[in-house]
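*Asks:* pasting a predicted model and its sequence here:
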Amino acid sequence: MQNPINLYPITQFIQQVRAAELSQSKEIKMNIQQARLLTLALSEIMDKMNRDYESMYNDLKKYVNTEDQNITIIMDGGDLEV
């Protein structure tokens, strides 16, 4: 099991944005350490999503083999009685 992702920098950033919106500020500022932690958290989330997506895709490939499937589509116009 991997270590959980530290989401605190993202939460902190969201709170900064909310506070700026409430005070009608035009900008927010963060020091380089906060920016680094935010970048790390976002890159860890993106990496995890990519690994999860690959894992899900590979699992689906095991169960679904599109080369052996025949798909038949039949269209029936139905009856129109006036």
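*Replies:* Sure, I can see it. Residues are numbered from 1 along each chain as shown.
*Asks:* what are the buried residues along the helix or strand encompassing Gln15?
*Replies:* Using DSSP states H and E, Gln15 falls within helix 8-22. Of the residues in helix 8-22, those with enough neighbours to count as buried (16 or more other C-beta atoms under 10 Å) are Pro9, Phe13. Where you see a C-beta, it was placed from the backbone N, CA and C, and this is true even at glycine.
*Asks:* what's the following helix or strand after that helix?
*Replies:* Of the helices and strands lying after helix 8-22 in sequence (DSSP H and E), the nearest is helix 32-63.
*Asks:* tell me which residues of that following helix are tucked away?
*Replies:* Taking 16+ other C-beta under 10 Å as the basis for neighbour counts, the residues of helix 32-63 that come out buried are Leu37, Leu38, Ala41, Glu44.
*Asks:* quick one: least confident helix or strand in the chain?
*Replies:* Of all the helices and strands that make up the chain, the one with the lowest confidence by mean pLDDT, DSSP states H and E is helix 32-63; it has a mean of 91.
*Asks:* and it with helix 8-22, angle?
*Replies:* With axes from the mean of the first three to the mean of the last three C-alpha atoms, to 10 degrees defining the directions, helix 32-63 sits at 120 degrees from helix 8-22.
*Asks:* read off the pLDDT value for Gln15.
*Replies:* According to the predicted model, the pLDDT of Gln15 comes to 96.
*Asks:* kindly report the same for the one 5 residues further on.
*Replies:* The pLDDT attached to Ala20 in the predicted structure is 96.
*Asks:* repeat that for the one 5 residues further on.
*Replies:* Reading off the confidence values, Ser25 has pLDDT 95.
*Asks:* gap between it and Val17?
*Replies:* If you measure Ser25 against Val17 using C-beta to C-beta, to the nearest Å, the figure is 10 Å.
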